[in-house]
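> Build me a structure from this.
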Amino acid sequence: MPNPLLACAAGALAALVSACAAPQQGTWTAHRDPRGFSLRLPRGWTVAPDAKSGRIDVTGPRAERLVIWPVFVPGPLDAHSAVPVLARLAASSGIDVPWGPPRPAGSAGVRMAGRGAGRAATAAFAWVPSPKGSAGFFYAAAAPEAAYRDSQEAFAAILASFRLAGAAASAPAPAAVQYTRWTDPRESAFSLEVPAGWTATGGLFRFAPVDTRGAWQAASPDGRIRITGGDADLPTFTEPNQMLAMTGFREGAWYSPGYGVRMLVRRFTPAAAFVQEYIASRVAQGAAALAFADRRDRTADAAGLNALYARFQAYGASLHLTAGDAAFTCQRNGEPMAGYYFAGVLRTQTAGMQGGLWHVDHLFGFLAPQAQAGQAHAILEHMLASIQVNPQWAAMQSKVTAESSRIVSQTHNEISNIISSTYWNRQATMDELSRRRSNVTLGVVDVIDPATGRQIKVENSANYYWVDNQGAIVGTNTYTRPDIDFREMIELP
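So this is what the prediction gives:
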């Protein structure tokens with residue numbers, strides 16, 4: 001749930017909010033941006049995101065300026081090392097005023113005030129640690145001195161309304177999903193669990209005795225969520241080489257080695273690049289405002305899969321899997337959509353032969369309305385973990401195919417584990433960041449009464465906080481118990 005203090009914010013970025021004032025009905029408008037965020041604006045205000053830097057600039061009709069800037073800093077931060085980060089971001093924010101000295105704002109925030117050339121300003125930076133660095137938000141507000149006090153309420157309310165698309169805190173938890181098992185209707189080669197009431201299509205497509213492609217799609221009853229696995233239209237690719245060129249098969253040509261198999265001559269494309277291309281050309285085809293929120297090479301995470309594929313060395317082939325994924329947003333029929341796709345591209349090389357063959361061995365993902373992206377992501381994970389290969393079907397194939405079926409059963413579990421740590425599931429970190437950002441803005445800290453477990457926000461004016469049995473809270477700068485009836489409260493980071 002959104003923080004109620006943040007939702008009622010009516011003070012400035014540099015001062016503790018002392019009153020609550022919600023925007024008047026009809027005077028504010030909602031802005032949903034395809035780049036993956038939303039906020040509310042007073043009528044007459046405008047928002048201008050900068051796609052290159054990620055900075056969001058909001059301007060008002062009286063030269064008011066609000067900057068919201070999500071950033072990532074390699075390595076850990078503390079109140080001392082965050083000061084130059086705040087200063088550097090303030091200098092790049094476009095708000096040109098002399099800034100005063102920064103001061104701590106809680107355990108994970110710093111802020112400072114500025115004044116000059118007839119303008120007043122406030123800037124702050126809050127962060128949360130992650131295994132690879134510190135994710136944070138910089139924000140600054142400025143206005144002519146004569147209008148600054150009147151603008152404080154608008155600044156605070158705009159910040160209170162700011163949401164990243166897909167954040168778990170911005171949408172109610174989905175109801176529990178019931179599943180039913182769906183079996184490939186073409187050859188009964190595999191089965192998987194799909195949500196009850198959804199429409200599932202696809203199966204095993206056989207283009208030649210040794211060219212089989214599994215593909216499936218599940219759609220919600222209203223058709224707005226689509227989850228897919230595989231793509232029967234993607235053939236095996238053969239890399240261009242001198243021998244093919246001499247016989248007239250250059251890139252873009254179809255080549256058949258026999259047995260009814262047709263391959264497309266194409267240079268090898270690693271998975272991280274392929275998945276972006278696939279999203280743009282297939283998944284989001286016809287959609288507007290496509291923007292990638294997260295793109296990563298996941299080959300290092302696929303080490304377990306490559307260990308499985310090493311078994312094929314016994315058959316004289318060297319196989320290596322590259323992996324990549326991408327989270328994205330777009331608009332379809334005017335509705336903000338969000339999606340995610342994972343691709344695993346398997347490259348096969350044989351000793352003594354030029355070039356190699358490659359195909360998209362794993363391709364899974366979804367496209368859903370932004371508010372339902374988290375639910376779609378969870379359903380995708382469940383479906384992947386539930387895939388089973390029919391051993392009777394596998395027995396009809398060669399020994400290599402039988403070995404492949406056992407590997408497929410294991411690799412889908414591996415892929416499900418990889419996907420579980422991706423973009424849409426990392427929104428819990430954004431929720432924690434929002435809490436810390438709120439505390440920096442309001443000048444408060446969260447403390448817990450260890451006797452009752454009650455969490456309370458108190459003004460950030462002391463180093464230690466104490467509570468008695470009547471609920472009275474006292475802050476001290478030294479570790480000194482105010483009275484025998486007081487017990488120490490635990491301060492959250």
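
> can I assume residue 187 is in contact with residue 205?
No: taking contacts as C-beta atoms under 8 Å, residue 187 lies outside contact range of residue 205: 9.1 Å. Backbone N, C-alpha and C define where each C-beta goes, glycine included.

> lowest confidence element among the helices and strands of the chain?
Counting by mean pLDDT, DSSP states H and E, the weakest-scoring helix or strand in the chain turns out to be helix 4-7, with a mean of 26.

> next helix or strand past it?
strand 28-33 (DSSP states H and E).

> what packs against that following strand?
strand 37-42, strand 46-49 (3 or more C-beta pairs under 8 Å, 6 or more residues apart in numbering; DSSP states H and E).

> same question for the shortest one, mean pLDDT?
Right, the one you point to is strand 46-49. Here strand 46-49 scores 89 as its mean pLDDT.

> related to what we said a few turns ago, go through the helices and strands packed on strand 28-33 and name the closest to residue 367.
Among the helices and strands packed on strand 28-33, strand 37-42 comes nearest to residue 367, with 18.7 Å by C-beta to C-beta.

> Let me see the residues that make contact with the closest one.
Applying C-beta atoms under 8 Å, 6 or more residues apart in numbering, the external contacts of strand 37-42 come out as 23, 27-32, 47, 49, 56, 58, 60, 154, 157-158, 161-165.

> quick one: that strand to chain centroid distance?
20 Å (C-alpha atoms, centre = their mean, to the nearest Å).

> How about stretch 199-209?
In terms of C-alpha atoms, centre = their mean, the centre of stretch 199-209 is set 31 Å apart from its chain centre.

> List the buried residues for that stretch?
By neighbour count with 16 or more other C-beta atoms under 10 Å, stretch 199-209 contains the buried residues 200, 202-205.

> ditto for stretch 47-64
Going by 16+ other C-beta under 10 Å, stretch 47-64 has these buried residues: 47, 49, 55-60, 64.

> ditto for stretch 475-482
residue 475.

> Now do that stretch, average pLDDT.
84.

> and if you look at stretch 276-283?
Stretch 276-283 comes out at a mean pLDDT of 96.

> how about that stretch as PDB, C-alpha atoms only?
Only the C-alpha atoms of stretch 276-283 are listed here, as PDB (Å, rounded to 0.1, in the frame of the first residue of the first chain):
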ATOM      1  CA  GLN A 276      15.500  -7.100 -28.200                       C
ATOM      2  CA  GLU A 277      15.100  -7.600 -31.900                       C
ATOM      3  CA  TYR A 278      12.300 -10.200 -31.300                       C
ATOM      4  CA  ILE A 279      10.400  -7.900 -29.000                       C
ATOM      5  CA  ALA A 280      10.500  -5.000 -31.500                       C
ATOM      6  CA  SER A 281       9.600  -7.100 -34.600                       C
ATOM      7  CA  ARG A 282       7.200  -9.700 -33.200                       C
ATOM      8  CA  VAL A 283       5.900  -9.000 -29.600                       C
END
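
> roughly how far is it from the heart of the chain?
18 Å.

> what's in contact with it?
Contacts of stretch 276-283 (C-beta under 8 Å, 6+ apart): 231, 269, 290, 292, 295, 324, 326, 328, 339, 341, 343, 363, 365, 367.

> Please enumerate the strands of the stretch 101-250 of the chain.
Along the stretch 101-250 of the chain, the stretches classed as strands by DSSP state E, counting those that start in this stretch are 103-104, 109-116, 119-130, 133-144, 163-164, 179-183, 190-195, 199-208, 211-219, 226-229, 236-238.

> The fifth one pairs with which strands?
Sheet pairing of strand 163-164 (DSSP bridges) gives strand 37-42 (antiparallel).

> and what of the last one?
Strand 236-238 sits in its sheet next to strand 261-265 (parallel), strand 357-369 (antiparallel), going by DSSP bridges.

> Show me the shaky parts of the stretch 351-493 of the chain.
351-352, 397-435, 437-438, 440-442, 493 (pLDDT under 70).

> In it, mark out all the helices, start to finish.
373-385, 391-395, 399-419, 427-442 (DSSP state H, counting those that start in this stretch).

> Count the neighbours of the closest residue to residue 29 other than its chain neighbours for me.
Using C-beta to C-beta, 6 or more residues apart in numbering and skipping the chain neighbours, the partner closest in space to residue 29 is residue 41 (5.7 Å). For residue 41, the count of nearby residues is 21 (other C-beta atoms under 10 Å).

> With residue 91 instead?
Neighbours around residue 91, by other C-beta under 10 Å: 12.

> gap between it and residue 99?
8 Å (C-beta to C-beta, to the nearest Å).

> tell me, what's touching the two both at once?
Joint contacts of residue 91 and residue 99 (C-beta under 8 Å, 6+ apart) do not exist.

> my read: residue 116 touches residue 98, true?
Yes: between residue 116 and residue 98 a contact is recorded at 4.5 Å, counting by C-beta under 8 Å.

> Among the contacts of stretch 276-283, show me the least confident.
Lowest pLDDT among the contacts of stretch 276-283: residue 295, 87.

> show me what contacts it?
With C-beta under 8 Å, 6+ apart, residue 295 has these contacts: 272, 276, 324-327.

> Likewise for residue 50?
56-57.

> Give me the spatial nearest neighbour of residue 465, chain neighbours excluded.
Nearest one to residue 465, counting by C-beta to C-beta, 6+ apart, is residue 489 at 4.4 Å.

> you'd agree the one you found is up against residue 466?
Yes: contact criterion C-beta under 8 Å: residue 489 and residue 466 qualify, at 6.5 Å.

> which one of those two has more residues nearby?
Neighbours were counted for residue 489 and for residue 466 using other C-beta under 10 Å; residue 489 has more, 24 against 20.

> Ramachandran coordinates for that one?
phi -100, psi 150 (degrees, to the nearest 10).

> Switch the buried residues of stretch 199-209 over to CSV; also include pLDDT.
Output for the buried residues of stretch 199-209, formatted as CSV (pLDDT from 0 to 100):
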residue, pLDDT
200, 97
202, 96
203, 95
204, 92
205, 92
